[in-house]
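K.L.:
sharing a sequence plus its predicted fold:
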Amino acid sequence: MKRVILGVTGSIAAYKGADVVSALVKGDYDVSVVMTKAGAALVSPLTFQALTKNRVFSDVLQEDDPSQIIHVDLPQKHADILLIAPASANIIAKIAWGLADDMLSSMVLATPPSVPKLIAPAMNTLMYENPATQQNIETLKSRGWVVIEPRESRLACGYVGKGALALVETIVEAVKNA
């Protein structure tokens with residue numbers, strides 16, 4: 001059984017992370033979810049725990065087991081694939097610049113180079129098209145990240161444009177191909 005770490009961030013599309021988890025679990029993947037605080041504010045970690053039957057991680061300072069350092073051990077010992085879906089502009093920037101100020105960004109830095117890394121951006125069109133975001137995405141691509149392109153659609157903010165999370169089927173297919 002392949003093990004996937006799914007990062008869920010503070011994009012309004014965080015609720016679609018539950019659909020991604022459900023599809024992966026049905027596809028016989030063992031999924032561990034790591035959420036940013038903003039992601040956990042949008043969707044309860046309990047939702048992901050119920051779907052995965054695994055503990056959900058969101059606080060880099062909460063170490064319940066003194067024999068483990070979760071943000072290091074989880075990606076090194078329990079990850080065949082790292083997927084961040086939805087990925088906010090914030091987490092994309094943090095990864096591109098090597099920042100590690102929360103559980104997800106710290107875990108990303110501790111993920112071995114051999115683990116395939118996929119990211120599915122989801123944000124307002126203006127944020128997605130911003131030159132800083134585009135440069136950060138190009139930086140991730142140059143480091144081997146697979147970027148699952150967002151769709152053009154009507155967004156939660158009312159804009160119509162590119163920035164909607166890729167379809168669940170597209171994300172799951174990318175995981176299968178990783």
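P.N.:
Here it is on my side, so go on. Numbers count the residues shown, from 1 in each chain.
K.L.:
any stretches of this structure with poor pLDDT?
P.N.:
Along the chain, segments meeting pLDDT under 70 span 60-61, 63, 66, 69.
K.L.:
what about the strands in this protein?
P.N.:
In the chain, the segments counted as strands under DSSP state E are 3-8, 30-35, 81-87, 117-121, 146-147, 151-154, 160-164.
K.L.:
what comes into contact with the shortest one?
P.N.:
Outside of strand 146-147, the residues within contact range by C-beta atoms under 8 Å, 6 or more residues apart in numbering are 116-121, 137, 140-141, 174, 178. Where you see a C-beta, it was placed from the backbone N, CA and C, and this is true even at glycine.
K.L.:
most neighbours among those residues, which one is it?
P.N.:
Of all the contacts of strand 146-147, the most densely surrounded is residue 121 (30 neighbours; neighbours counted as other C-beta atoms under 10 Å).
K.L.:
and that one, what are its bridge partners?
P.N.:
Beta-bridge partners of residue 121, counted by DSSP bridges, are residue 87.
K.L.:
show me the contacts for it.
P.N.:
Applying C-beta under 8 Å, 6+ apart, one finds that residue 121 lies in contact with 86-89, 92, 128, 133, 137, 147-150, 163, 165.
K.L.:
would you enumerate the residues in contact with the residue minimising distance to the centre of the chain?
P.N.:
Central residue of the chain (C-alpha atoms, centre = their mean): residue 84, 1.6 Å from the mean position. Residue 84 is in contact with 6-9, 91, 104, 108, 118-120, counting by C-beta under 8 Å, 6+ apart.
K.L.:
buried subset of the residues you listed, written for ChimeraX?
P.N.:
A single ChimeraX command selects the buried members of the contacts of residue 84 (16 or more other C-beta atoms under 10 Å):
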select :6,7,8,9,91,104,108,118,119,120
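K.L.:
name the nearest of the contacts of residue 84 relative to residue 17.
P.N.:
Residue 17 lies nearest to residue 8 out of the contacts of residue 84, by C-beta to C-beta, at 4.2 Å.
K.L.:
quick check: that closest one touching residue 41?
P.N.:
No: at 11.0 Å, residue 8 does not count as touching residue 41 under the criterion of C-beta atoms under 8 Å.
K.L.:
please report the distance of the closest residue to residue 15 other than its chain neighbours from residue 70.
P.N.:
Leaving aside its sequence neighbours, residue 15 sits nearest to residue 43 (C-beta to C-beta, 6 or more residues apart in numbering; 5.3 Å). From residue 43 across to residue 70, the span is 20 Å (C-beta to C-beta, to the nearest Å).
K.L.:
neighbour count for these two, which is higher?
P.N.:
More neighbours surround residue 70 than the other of residue 43 and residue 70, with 22 against 18 (other C-beta under 10 Å).
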